[in-house]
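Chemist: Dropping the sequence and predicted coords here.
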Amino acid sequence: MPLKEETQLAEIQDGQSENVEVTLTLQGDTKHIQWDKQIPLLDALLKAGIEAPYSCCRGTCGTCVCKLEEGEVHLKRNFILSEAHIQQGLILACVSVSVSDHIKINYDEF
């Protein structure tokens, strides 16, 4: 399961690097960026010049949904994804923070 409970998040992050290696696929193009764990995934993508889809930035609309193919994230909020979606690896980039040091996401495969 790609998500971690709030109580586990602090324990997991202790001792890990502050940067995450992100491999992402968007519109058939694969890119690699570094992501600062202190900011949401969507913010890191936009800062890197990647035109990732988004709208509300609050975890309520689902526009930024993507599939987590490798690694683990924590959703700060989630008002749209069901447990079945989460089990399929779907995440909301606008409210996702990384738990692992490398993640792979795909906007094209969900």
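Modeler: On my side now, so go ahead. Numbers count the residues shown, from 1 in each chain.
Chemist: State the helix or strand in which residue 74 lies.
Modeler: When elements are defined using DSSP states H and E, residue 74 is found to belong to strand 73-75.
Chemist: With residue 38 instead?
Modeler: When secondary structure is defined using DSSP H and E, no element contains residue 38, which sits outside every helix and strand.
Chemist: Does residue 110 touch residue 92 like I think?
Modeler: No - taking contact to mean CB atoms under 8 Å, the distance of 11.4 Å between residue 110 and residue 92 leaves them out of contact. C-betas here are computed from N, CA, C, even on glycine.
Chemist: which residues are common contacts for these two?
Modeler: residue 65 (CB atoms under 8 Å, 6 or more residues apart in numbering).
Chemist: May I have the phi/psi pair for the closest residue to residue 54 other than its chain neighbours?
Modeler: Counting by CB to CB, 6 or more residues apart in numbering, residue 64 is the residue found nearest to residue 54 once chain neighbours are left out, at 4.4 Å. With angles defined as degrees, to the nearest 10, residue 64 sits at phi -90, psi 10.
Chemist: Show the average pLDDT along the host helix or strand of residue 43.
Modeler: Assignment of secondary structure by DSSP H and E places residue 43 within helix 41-47. Along helix 41-47, the predicted local confidence has a mean pLDDT of 97.
Chemist: how far away is residue 60 from residue 80?
Modeler: 6 Å (CB to CB, to the nearest Å).
Chemist: Could you list every helix and strand in contact with the helix holding residue 43?
Modeler: Other elements packing on helix 41-47 under the criterion 3 or more CB pairs under 8 Å, 6 or more residues apart in numbering; DSSP states H and E are strand 19-26, strand 29-36, strand 96-98.
Chemist: confidence score at the residue lying closest to residue 100 once chain neighbours are set aside?
Modeler: Leaving aside its chain neighbours, residue 100 sits nearest to residue 71 (4.1 Å; criterion: CB to CB, 6+ apart). pLDDT, residue 71: 97.
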